[in-house]
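# need coordinates for the following:
(2 chains)
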Amino acid sequence: MQVVVRNLRIAFPSPQGPTEAVRGVSFALGQEKLGIVGESGSGKSLTARSILRLLPRQAQVSAETIEFDGIDVLKANETRMRAIRGKRAGLIMQDPKFSLNPVMTAGQQIAEAWHAHRGGSRKEAKDAAVELLAQVQIRDPKRVADMYPHELSGGMGQRAMIAMMLAPDPELLIADEPTSALDATVQAEILRLIEDLVSRRGMGLILISHDLPLVSHFCDRVLVMYAGRVVEEARAGELARAKHPYTRGLLDCLPSLVQPKPRLAVMRRDPAWLGT
Amino acid sequence: MIEVNELRVRFGAIEAVKGVSFRVPQGASFGLVGESGSGKSTVLRALSGLNRDWSGDIVIAEKGQGPVRDKDFFRRVQMVFQDPYGSLHPRQTVDRALSEPLLVHGIGDVDARVRRALAEVALPAMLRFRYPHQLSGGQRQRVAIARALMAEPEVLLLDEPTSALDVSVQAEVLNLLSDLQRARNLTYIMVSHNLAVVAHLCSEIGVMQGGEMVELLSADDLRAGRISHPHTKALRALSIELEEPEMAKSA
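The predicted structure is shown next:
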């Protein structure tokens, strides 16, 4: 599986003419863990979603190439896309509270995902759901399978979401701020779980977040986005030597437990970062 | 001076806060950290008067408080919530949000005070007649802080005030909170799960787990690792691991 994106542009209509939210992003991804970091509005989610063609209706997309394992995403018809979405590439979203169906049990939802992509009997799907819940390290999977989303904690809900994405055995996992709604301990557990599953199953991972240290901890490579463009690309281990002032700013404005700072550095945005 | 003694909060059969005690001198900052479900926000809600069902002693604004608070309490103690999208009325302008506390408490000179409040939290005066949806997340949180300060309180209760914000905006809001504290001699109690944020703003920190205060320590002790409880150790180790990925990877 190989994802190639070249010169991606996404614009939205506005009374003043189209506004570009993504302005010429290129990257390639194989069986690796790629992080995309940026602030709200930097275009990171749009960039990742364009691979699944899951963009708002009014978005105007253009690109030289958007390819998923040789399939031209720009030209593929809906049937072709449906064979990618969910089946070959899974999307984990931020808040399990809003992305799970509130009137179905966790087990039913996972079984539905299994059944839709793999077929088989209802009994098989149900057993598979319990097995998947066990794989995402839920201690009592039989009991949790019969629980409704409101009965699950944030961490358990996110585990159920991941179990659902794993059901069709995807090759690529896109995680869009998967842990922003969770506290620090659960956040680390969920990311370790994702990391472990991705390496064990040989999947590709795109991890989207605004937390630069967190992403560099769990990814091999990081793209830093600012105002719709990639301003810096770095190996995760070399981030401390990042050159772009925006990347440096993101690192410097964080409070630190190890090194107390009397005052936090504030980002001074240079219009030149917007590029042309 | 804020004093909390043997505070207990119960929701049905579950005891969410099991006898928590701490004191915060005037003008100081106290941080409450812990995982979700540890009871840290519940403590804050009992202090603020939002939850009336508690037992124990709470001394705040110079007197022992019961479940129902008087008007004077709400002038002297104010709260800032986590989500600036949810805590501002979507159909009220910034001007209305900021003048309301003045009208409630019968404080005059509304126009000048609103103008001063906007300047104090570094918001341009032209935002005064905008609606929340026309502001960015950071601007909204500044409005929420300005609103909390309108009635000139002595105590601010901060419930995860920066966890919904981008890191660059978080830095601005944390700087603003330190400046305001110095200028007005405010007392802060801040709840957060981010150890680095709490240690930045608060000199004394309480660590909660399962409804109990398992450790009280200074920010310096936390930074230096002079810790006695295993839960505090675990939280610190995790925070440092994420902060210094390269150090952790090579170690």
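# show me what the longest helix anywhere in chain A packs onto, helices and strands only.
Within chain A, and with DSSP state H defining each element, the longest helix by residue count is helix A:184-201. Contacts of helix A:184-201 with other secondary structure elements, assessed using 3 or more C-beta pairs under 8 Å, 6 or more residues apart in numbering or on different chains; DSSP states H and E, are made with helix A:154-166, strand A:172-176, strand A:204-209, helix A:212-218, helix B:230-243. Any C-beta I mention is one placed from the backbone N, CA and C, and that applies to glycine too.
# and residue A:73, which of those is closest to it?
With respect to residue A:73, and counting by C-beta to C-beta, the nearest of the helices and strands packed on helix A:184-201 is strand A:172-176 at 12.1 Å.
# buried set for the longest helix of chain A?
Residues of helix A:184-201 classed as buried under the neighbour-count rule (16 or more other C-beta atoms under 10 Å in any protein chain shown) are A:184-191, A:193-195, A:197-198.
# same question for that helix, mean pLDDT?
Predicted confidence along helix A:184-201 averages 88 (mean pLDDT).
# what comes into contact with it?
Contacts of helix A:184-201 from elsewhere in the structure, counted by C-beta atoms under 8 Å, 6 or more residues apart in numbering or on different chains, are A:33, A:92, A:135-137, A:154-155, A:158-159, A:162, A:166, A:169, A:173, A:175, A:178-179, A:182, A:203-205, A:207, A:214, A:217-218, B:35-36, B:193-195, B:234-235, B:238-239, B:241-242.
# again, but for stretch A:111-126
Counting contacts by C-beta under 8 Å, 6+ apart, the residues outside stretch A:111-126 that touch it are A:86, A:87, A:104, A:107, A:128, A:129, A:132, A:145, A:164, A:165, A:167, A:168.
# try it again at 7 Å.
The contact list for stretch A:111-126 (C-beta atoms under 7 Å, 6 or more residues apart in numbering or on different chains) reads A:86, A:87, A:107, A:128, A:129, A:164, A:167, A:168.
# what is the burial count for the nearest residue to the last one once chain neighbours are set aside?
Put plainly, it is residue A:168. Using C-beta to C-beta, 6 or more residues apart in numbering or on different chains and skipping the chain neighbours, the partner closest in space to residue A:168 is residue A:117 (3.5 Å). Each residue near residue A:117 was counted by other C-beta atoms under 10 Å in any protein chain shown, and the total is 15.
# close to chain A: what parts of chain B are there?
Contact residues (C-beta under 7 Å from any C-beta of the partner chain) of chain B with chain A: B:35-36, B:137, B:166-168, B:171-172, B:174-175, B:193-197, B:199-200, B:223, B:236, B:238-240, B:242-246, B:249.
# of the residues you listed, select the buried ones using a ChimeraX command.
Paste this into ChimeraX to select the buried members of these, with burial taken from 16+ other C-beta under 10 Å:
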select /B:35,36,137,166,167,168,171,172,174,175,193,194,195,196,197,199,200,223,236,238,239,240,242,243,244,245,246
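# helices - which of the residues of chain B next to chain A land there?
Of those, the ones assigned to helices by DSSP H are B:137, B:167-168, B:171-172, B:174-175, B:195-197, B:199-200, B:223, B:236, B:238-240, B:242-243, B:245-246, B:249.
# for the nearest residue to residue A:180 once chain neighbours are set aside, what are phi and psi?
Using C-beta to C-beta, 6+ apart and skipping the chain neighbours, the partner closest in space to residue A:180 is residue A:94 (5.4 Å). The phi and psi torsions at residue A:94 (degrees, to the nearest 10) take the values phi -60, psi -60.
# wait, residue A:94 touches residue A:182, no?
No. Here residue A:94 lies out of contact with residue A:182, judged by C-beta atoms under 7 Å, at a distance of 9.6 Å.
# neighbour count winner among the two?
Relative neighbour count places residue A:182 above the other of residue A:94 and residue A:182, with 24 against 20, counting by other C-beta under 10 Å.
# which ones are touching the residue nearest to residue A:106 when sequence neighbours are not counted?
In space, residue A:106 comes closest to residue A:160 once its chain neighbours are excluded; the distance is 4.3 Å by C-beta to C-beta, 6+ apart. Taking C-beta under 7 Å, 6+ apart as the criterion, residue A:160 is in contact with A:96, A:100, A:106, A:110, A:133, A:152.
# recalculate using a threshold of 8 Å.
Residue A:160 neighbours (C-beta under 8 Å, 6+ apart): A:96, A:100, A:106, A:109, A:110, A:133, A:136, A:138, A:144, A:149, A:152.
# what does residue A:108 give?
By C-beta under 8 Å, 6+ apart, the contact list for residue A:108 reads residue A:129.
# pLDDT score for it?
As predicted, residue A:108 sits at a pLDDT of 95.
# do residue A:238 as well
According to the predicted model, the pLDDT of residue A:238 comes to 86.
# so what touches the lowest-mean-pLDDT helix or strand in chain A?
Each helix and strand of chain A was given a mean pLDDT (mean pLDDT, DSSP states H and E); the minimum falls on helix A:96-99 at a mean of 82. Counting by C-beta under 8 Å, 6+ apart, helix A:96-99 makes contact with A:93, A:149, A:152, A:154, A:157, A:158, A:160, A:161, A:181, all of which sit outside it.
# just give me the closest of these to chain B.
Looking at the contacts of helix A:96-99 and their distance to chain B, the nearest is residue A:154, at 6.6 Å (C-beta to the nearest C-beta).
# can you pull the contacts of the closest one?
Contacts here follow C-beta under 8 Å, 6+ apart; on that basis residue A:154 touches A:96, A:97, A:181, A:182, A:183, A:186, B:36.
# is it fair to say the third one lies in a helix?
No. With DSSP: H, G, I helix; E, B strand; the rest coil as the criterion, residue A:181 is assigned coil and is not in a helix.
# I figured it was touching residue A:153, is that so?
No. Because the distance of 11.1 Å does not satisfy C-beta atoms under 8 Å, residue A:181 is recorded as not touching residue A:153.
# who's more crowded, the two?
Higher neighbour count among residue A:181 and residue A:153: residue A:181, with 21 against 13, using other C-beta under 10 Å.
# which phi and psi values does the more buried one adopt?
Here is the backbone geometry of residue A:181 (degrees, to the nearest 10): phi -90, psi 0.
# follow-up on the earlier one: can I get the least confident helix or strand of chain A as PDB, trimmed to CA atoms?
Presented in PDB, the C-alpha positions along helix A:96-99 are these (Å, rounded to 0.1, in the frame of the first residue of the first chain):
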ATOM      1  CA  PRO A  96     -16.100   8.800  20.700                       C
ATOM      2  CA  LYS A  97     -19.200  10.500  22.200                       C
ATOM      3  CA  PHE A  98     -20.100  11.900  18.900                       C
ATOM      4  CA  SER A  99     -18.900   9.300  16.500                       C
END
